[in-house]
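**Q** build me a structure from this.
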Amino acid sequence: MKKVIYLFIAGVLVSLSAGAGDSRPNIVVIVSDDQGYADVSYNPHSPKEVQTPNIDQLAKSGVVCSAGYASGYVCSPTRAGLITGRYQQRFGIYTARQGGSGMPLDETWFPMHLKQGGYRSGAFGKWHLGLTMDYHALNRGFDYFYGFMERGAHDYFHLKPKTDKGRVHPIYRNLDAAENEEGYLTTLITREAVNFIKRESDGPFFAYVAYNAVHSPAQAPAEDIARYNTGDEKRDILMAMLYHLDLGVGEIVKALKEAGVYENTLIFYLSDNGGDYGMKASNAPLSGAKHQVREGGIRVPFIVSWPGRLQAGTTCDVPVWSTDILPTSLVAAGLEALPGSKPFDGKNILPALTGKSKKIHDALYWCGGSDGKWAVRKGDWKLVFTLGKVGLYDLSNDIAEANNLKDAHPEKLQELQNLYHAWFAEMGDPSEGSKQWVAGKNKKNKKAKK
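**A** All right, here's what the predicted structure looks like:
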């Protein structure tokens, strides 16, 4: 009986991968920046001004992961986990500053795994994975790069290295600064990604499209801001930025269809962390925002589309996250991890996306090191630690984390706390600063206060 079950599961995985005689699927990963959980109009909690028809159509074409998470509550840590398929804390990335400075060069990056399958890889937009040429995309396995290498933000209009406002960080095309770029940065990132898809349509290809929208600064074309009248100027600007992000998603899907490769393309869409209250994002009905380990800081819009392989218009409520994208893509491509690479922490989520599995991870962990914030989710239970304060929540009926159950369930609090500390002991020292936090100091924090 066990042999029959094994053969059935193996057959399912083969049918979902490229190992059944089909060409390897193209892989497109679209990452938005600081997008609110409710700032997609397919979310029933979205405010009325939110209109994202192209993102909505992508959701209708595939699977919405209602419990989809980012592995970090700020930009760079999530990107480091996504690009390696590993807990970014294993190699010392706890904060945006650490990740922005770069991670150990002995880590194996997403496109390095794909090269063994003949993939051509392009990276577009925000990098935030290292500032020097050692960390340049072309030196980390990518074949083409268009974007910026500075830390979190970039002006959306002033794109030339030298402007009347002084010197800004350059937009790179491959290894060279693009001296004459003009336009709106979100639109230019889309243009470059679309051109790459057209050039590489014979495939297989991997496009990593990391928009800086809707990260600050709050900037958009005036005519698009005028489309909105929410009563809050910054919210109006955010909606105009979101409008261009949504247009970009539509243009990418259109390019895939026009190139005749849409049916053979696995698409992931997600935000790198929760929405930023400073930009007037909406994370309803969640509590918290970017910079926090409450749901609003880490639960994000998360869509997976693979026409013909994943059932359109479905929802997956199994907890999955950004670190799963790389190992899932390798399974879809019928590839193993590159020999000699370090073990993944991410998992293949195709069984969850097809409804064949209700559990992918035993537990998920978040940690900002000396920031003094961490969380662990196991099943429906989540433990949150923020600067010495503890919250225990049952997410099955309290997605807003409104009812702290730490006093009612001390045994569950202890279980999750023990899990976290065992996990944390396996993580590496940060590339700079302290690993742990205590009140008033960035030193070792042994136990959460009850």
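**Q** pLDDT weak spots in the stretch 101-250 of the chain?
**A** Applying pLDDT under 70 to the stretch 101-250 of the chain flags the ranges 161-168.
**Q** which parts of the stretch 1-150 of the chain are helices?
**A** Using DSSP state H, counting those that start in this stretch, the helices of the stretch 1-150 of the chain run over 2-15, 53-61, 75-84, 96-101, 110-115.
**Q** so which bits of the second one are buried?
**A** What that stands for is helix 53-61. Judged by neighbour count using 16 or more other Cβ atoms under 10 Å, the buried positions of helix 53-61 are Asn54, Ile55, Asp56, Gln57, Leu58, Ala59, Ser61. C-betas here are computed from N, CA, C, even on glycine.
**Q** swap in the last one?
**A** For helix 110-115, a neighbour-count test (16+ other Cβ under 10 Å) marks Phe110, Pro111, Met112, His113, Leu114 as buried.
**Q** pick the one among those closest to Asn348.
**A** Set against Asn348, the nearest of these by Cβ to Cβ is His113 (13.3 Å).
**Q** what's stretch 324-334 in contact with?
**A** With contact meaning Cβ atoms under 8 Å, 6 or more residues apart in numbering, stretch 324-334 is reached by 13, 16-19, 24-25, 27, 29, 82-85, 110, 113-114, 117, 119, 204, 206, 266, 268, 306, 309, 336-337, 344, 346-350, 360.
**Q** figure out how far that stretch is from the centre of its chain.
**A** Centroid separation for stretch 324-334 versus its chain: 15 Å, with Cα atoms, centre = their mean, to the nearest Å.
**Q** how about stretch 64-78?
**A** For stretch 64-78, the distance to the chain centre is 5 Å (Cα atoms, centre = their mean).
**Q** sorry, back to before: inside strands: which ones of the contacts of stretch 324-334?
**A** Ile27, Val29, Phe206, Leu266, Phe268 (DSSP state E).
**Q** wait, isn't the last one in contact with Pro25?
**A** This means Phe268. No - assessed by Cβ atoms under 8 Å, Phe268 is found out of contact with Pro25, at 11.8 Å.
**Q** still on that earlier bit, weakest of the helices of the stretch 1-150 of the chain in terms of mean pLDDT?
**A** With a mean of 40, helix 2-15 has the lowest mean pLDDT of those.
**Q** could you measure Gly152 against Asp34, distance?
**A** Gly152 sits 9 Å away from Asp34 when distances are taken as Cβ to Cβ, to the nearest Å.
**Q** next one: Arg86
**A** In terms of Cβ to Cβ, Arg86 sits 23 Å off from Asp34.
**Q** closest to Trp381 out of the buried residues of helix 53-61?
**A** Among the buried residues of helix 53-61, and counting by Cβ to Cβ, the member closest to Trp381 is Ala59, at 27.8 Å.
**Q** spatially nearest residue to that closest one (excluding sequence neighbours)?
**A** Tyr42 (4.7 Å; Cβ to Cβ, 6 or more residues apart in numbering).
**Q** quick one: that neighbour and Pro221, what's the gap?
**A** Look at Tyr42 and Pro221: by Cβ to Cβ, they are 25 Å apart.
**Q** before we move on, what about Tyr420?
**A** In terms of Cβ to Cβ, Tyr420 sits 45 Å off from Pro221.
**Q** and the helices in the stretch 201-350 of the chain, which stretches?
**A** Going by DSSP H, counting those that start in this stretch, the stretch 201-350 of the chain shows helices at 222-225, 233-258, 295-298, 325-332, 350-353.
**Q** rewinding a little: from Ser66, how far out is the residue nearest to Ala59?
**A** 11 Å.
**Q** now swap in Pro430 and tell me
**A** 32 Å.
**Q** comparing these two, which residue is more hemmed in?
**A** Pro430 (19 against 16; other Cβ atoms under 10 Å).
**Q** how about the more buried one, what does it touch?
**A** Pro430 touches Gly92, Ile93, Tyr94, Thr95, Gln98, Gly369, Ser370, counting by Cβ under 8 Å, 6+ apart.
**Q** many thanks, have a good one.
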